[in-house]
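Colleague: Below are the sequence and a predicted model; questions follow.
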Amino acid sequence: MPKINLCFLWHMHQPLYKELGSGEYRLPWARLHALKDYFGMVKILEDFPQIHQTFNLVPSLLVQIEDYASGRASDAFLSLALKPAEELTPEEREFALQYFFQANHDRVIRRHPRYSELFLVLQQHGNSPRRAAAQFDTQMIRDLQVLSQLAWFDEYDLENDSEVRDLLHKGRNFSLDDQRLIGVKEQNAFARVIGIYREFAERDQIELSTSPFYHPILPLLCDSNIAGVAHPYISLPTQFAFPQDAEEQMIRARSYFDAKLGIVPRGLWPPEGGISEATVALAARAGFHWIASGEGVLTRTLGNEQGGTDAYQAYRWHDGHDQIDIVFRDKRLSELIGFVYSQMDAVEAARHFITELKRSCRPMLAAGHDALVPIILDGENAWETYFHNGRPFLRELYSRISEDPQISVLTISEALVPKARGELQHIFPGSWIDTDFDIWIGSQEDNAAWELLLQARNTYERATQVPVEAKAKAFEELLIAEGSDWCWWYGPEHYSANKAEFDQLFRDHLANVYRCLGEDVPAALLYPIAKVFVDQLHERPSGLIQPKVDGTISSRAEWANAGRYRLDPRSGAMHSQRSMVRELHYGSDGQNLYLRVDFAEPIFIDGRVQFELKLRTPTGRYVEVLASASQPGPCDVSSELPETAIQLAVAEIFEARISMSALQVKLGEPVHLRLAMSRDELPLATIPANGELELHSGDLAAYAY
């Protein structure tokens, strides 16, 4: 019987946060993820020996983990977390309030009641560390120091390490000894990471693949003009063409693995699945046996806009001289795990994945062929949005697929031996994101970064009278600056609270190139590349409204005075699809609260759509309103409120009327809202993405937190 060969590839990556000149780690994310994701994602497989997986480890991440494990890392964030609270300066207290709440509000902060209480104090002072600092006494600061670290510990430690478990149960009123203990436990966590990968690789339960050393977008290094193939009208910077750098990054990655892990990786995940003819040939010549990309690249390569089952087999690329196997990521199934299942019950999410997997493979199996299904996604950032770091979901999923005789869960190399393959003699250049390179080049900020990188690269080429060691350091800084992460945050697509730090670190790496070469640092590197994002997401209502609740815009006038909450179109560390919701309008006639949701695309396709409104009143009372519809018109409603107090309809838009008296809300008092949308129980959107939206029924001002 034909089988489904399911291949998980978890991509583990963080950019190099270390500034080589000072040796200081500018941001803590490699360290914090080392407390849970890198160890825990492998350790969980101990309970599922039939599950074989591929883990893609980027050398720039492993270098940082080594630094932390050896105690060499200079990390101001960790030092501040471990410094006695009574010794903190006012500036250090503000630093703690600015950075120690940088975690998912719903799944991480609110999991710990004391952490949530402290966060509320910051919110009550407009999220301003300076304004809130006076409200934080020494005990509050110490609790924040401990919880900001404890919240990142792996589920394995929270369940099995008695000292960590005791801290979790204690929850508050931590002591200086507790602070010291956190430091010890973190050090222990760093030391075990690389060993767990070596152990599971030696027992052949996991395969280790890699990426170029500092995670560059390979096709753009070889020739930045390649971006114009997928997007002919894109505005491009001066051509950057250094294929030798792309080759060097790949060779260094293989050498590092051999030296540190005793493993020469067979597979390569090119950063963001970005490939081109030149980069595939370089990978083959560097000794890699397989490479992976996105299914959109295969679709454009084959000229088959239908997609379908073409991606459910391996392909062998060859050009007469070199050859390499290529597998293509299943976009939909991968992104269900990355972006959707975090909002679902673990059992329902696992069941849905297996159902969709089998449905997708049905044509391939019916033709008598095995289906090779690559599930490739970020192995770290997704779990912050899951209940208990995604471990209940993964356990449920692994348990179900272990028991399913139709599914084999293999490493990519296992799935390739030996299998019928399609043949490719050319490759369409693109990444897994929209089959282009627009994330990293083409915007004003991106292009400015490429121009500065090119200027530094050319300066390096011209430098001849430079000591060998100094020139080697300059080249190292260039390779770091070629990484994809800097331009991930430049441009309009993504947002980070640390965007300024990323910008500064990129410019520091380039400035160090000039310093190593004995050259003057260009003035352009002294000024930020990143521009402040000024798009207003909230607009105050300008007056009362009284719209007709029928799911359509009956006239322009009925919502003319409404307030508006626009969803931020940018993604974060993981690139997500466009939201189903464009914006939310709100307002009041003095007696009722009105809501309107504008969709980015038609809401009715197949099945039934559901809306879940959670309202919190000033007294702390929670009111839930559930609504659903299978066709345009009034919604079926379930709520504790009287039937006459609620009216909901959906067609081209979603509209709602809720009586303020039924909510027991007086004019001028705030109502906190969270709205979730789904179709046939599969989440579509949540407003806001984190926390609640606060609506004031008096002046009708709104803000999200």
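Modeller: That came through, no problem.
Colleague: and the lengthiest helix in the chain, what does it pack onto?
Modeller: Longest helix in the chain, counting residues (DSSP state H): helix 176-202. Secondary-structure packing of helix 176-202 (3 or more CB pairs under 8 Å, 6 or more residues apart in numbering; DSSP states H and E): helix 29-34, helix 37-43, helix 59-70, helix 76-82, helix 138-150, helix 162-170, strand 206-210, helix 243-261. Yep, even glycine has a C-beta here, placed from its N, CA and C like the rest.
Colleague: try 7 Å this time
Modeller: Contacts defined by 3 or more CB pairs under 7 Å, 6 or more residues apart in numbering; DSSP states H and E place helix 176-202 against helix 29-34, helix 37-43, helix 59-70, helix 138-150, helix 162-170, strand 206-210, helix 243-261.
Colleague: export those to TSV and tack on distance to residue 355, mean pLDDT and mean neighbour count?
Modeller: Output for the helices and strands packed on helix 176-202, formatted as TSV (distance: least, CB to CB, whole Å; pLDDT from 0 to 100; neighbours: other CB atoms under 10 Å):
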stretch	distance to residue 355	mean pLDDT	mean neighbour count
helix 29-34	31	95	24
helix 37-43	24	96	23
helix 59-70	34	96	21
helix 138-150	37	98	22
helix 162-170	35	97	14
strand 206-210	26	98	24
helix 243-261	37	96	18
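Colleague: Next, the buried residues of the longest helix of the chain.
Modeller: Of all the residues in helix 176-202, those buried under the rule 16 or more other CB atoms under 10 Å are 178-179, 181-182, 185-186, 189-191, 193-194, 196-197, 200-201.
Colleague: coming back round to it: closest one to residue 93 among the helices and strands packed on helix 176-202?
Modeller: Between residue 93 and those, the tightest spacing by CB to CB is seen for helix 138-150, at 6.2 Å.
Colleague: Now for residue 640, how many residues are close by?
Modeller: 10 (other CB atoms under 10 Å).
Colleague: same thing with residue 235?
Modeller: Neighbour tally, residue 235, other CB under 10 Å: 13.
Colleague: Specify the residue positioned farthest from the middle of this structure.
Modeller: residue 465 (43.8 Å; CA atoms, centre = their mean).
Colleague: which residues are contacting stretch 119-130?
Modeller: 94, 97-98, 101, 109, 131-132, 135-136, 705 (CB atoms under 7 Å, 6 or more residues apart in numbering).
Colleague: go with 6 Å
Modeller: 94, 97-98, 101, 109, 131-132, 135, 705 (CB atoms under 6 Å, 6 or more residues apart in numbering).
Colleague: What residues sit buried inside it?
Modeller: 119, 122-123, 125, 129.
Colleague: list the contacts for the nearest residue to residue 643 once chain neighbours are set aside?
Modeller: Distances taken as CB to CB, 6 or more residues apart in numbering put residue 637 closest to residue 643, at 7.7 Å, once the chain neighbours are dropped. Counting by CB under 6 Å, 6+ apart, residue 637 touches 627, 646, 648.
Colleague: Phi first, then psi, for the second one.
Modeller: Same thing as residue 646. Phi and psi for residue 646, reported as degrees, to the nearest 10, are phi -130, psi 140.
Colleague: Would you verify that the residue farthest from the centre of the chain is located in a strand?
Modeller: No - according to DSSP: H, G, I helix; E, B strand; the rest coil, residue 465 belongs to no strand; its state is coil.
Colleague: ok, now how distant is it from residue 519?
Modeller: 11 Å (CB to CB, to the nearest Å).
Colleague: mind listing the helices for the stretch 301-450 of the chain?
Modeller: 331-335, 346-366, 391-402, 412-415, 444-462 (DSSP state H, counting those that start in this stretch).
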